[in-house]
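**Q** missing the sequence, but the structure's below:
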């Protein structure tokens, strides 16, 4: 047996990889949501070129959470993809 031989860990199943991406992203989206809306009043949110923003506060909270979750999950997925064994 060669002393330089490395043992590769088994590859994780797809379900495990997806959960490893989505769960931390979910938690961090919740943290980011609390931080953002501790500083920004959702009733004062305005888009350029739009006179009024007709969404309720709960709708704005929900949409913002889903956007945060999606962006963080995408970032985590790219990191997971780039660190896969096949990329080395």
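**A** In hand now; what should we look at? Note that this is a predicted model, so its numbers are computed, not measured.

**Q** name the helices or strands packed onto the helix or strand harbouring residue 80?
**A** Assigned by DSSP states H and E, residue 80 belongs to helix 57-82. When contacts are defined as 3 or more Cβ pairs under 8 Å, 6 or more residues apart in numbering; DSSP states H and E, helix 57-82 packs onto helix 14-39. For every residue, glycine as well, the C-beta is placed using N, CA and C.

**Q** Tell me who's in contact with the residue positioned nearest the centre of the chain.
**A** For the chain, the residue sitting closest to the mean C-alpha position, by Cα atoms, centre = their mean, is residue 72 at 2.2 Å. By Cβ atoms under 8 Å, 6 or more residues apart in numbering, the contact list for residue 72 reads 24-25, 28-29, 32.

**Q** Let's see the PyMOL selection covering just the buried ones among those residues.
**A** PyMOL command restricting the contacts of residue 72 to the buried ones, with burial defined by 16 or more other Cβ atoms under 10 Å:
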select buried, resi 25+28+29+32
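
**Q** mind showing which ranges of this protein have poor pLDDT?
**A** 1-3, 7-10, 51-53, 85-88 (pLDDT under 70).

**Q** can you count the residues close to residue 36?
**A** Residues near residue 36, counting by other Cβ atoms under 10 Å, number 14.

**Q** And residue 84, by the same measure?
**A** 11.

**Q** quick one: it from residue 28, how far?
**A** From residue 84 across to residue 28, the span is 22 Å (Cβ to Cβ, to the nearest Å).

**Q** how about the contacts of residue 72 in a markdown table, adding distance to residue 16?
**A** Shown next, in a markdown table, are these (distance: Cβ to Cβ, whole Å):
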| residue | distance to residue 16 |
| --- | --- |
| 24 | 13 |
| 25 | 15 |
| 28 | 19 |
| 29 | 20 |
| 32 | 25 |
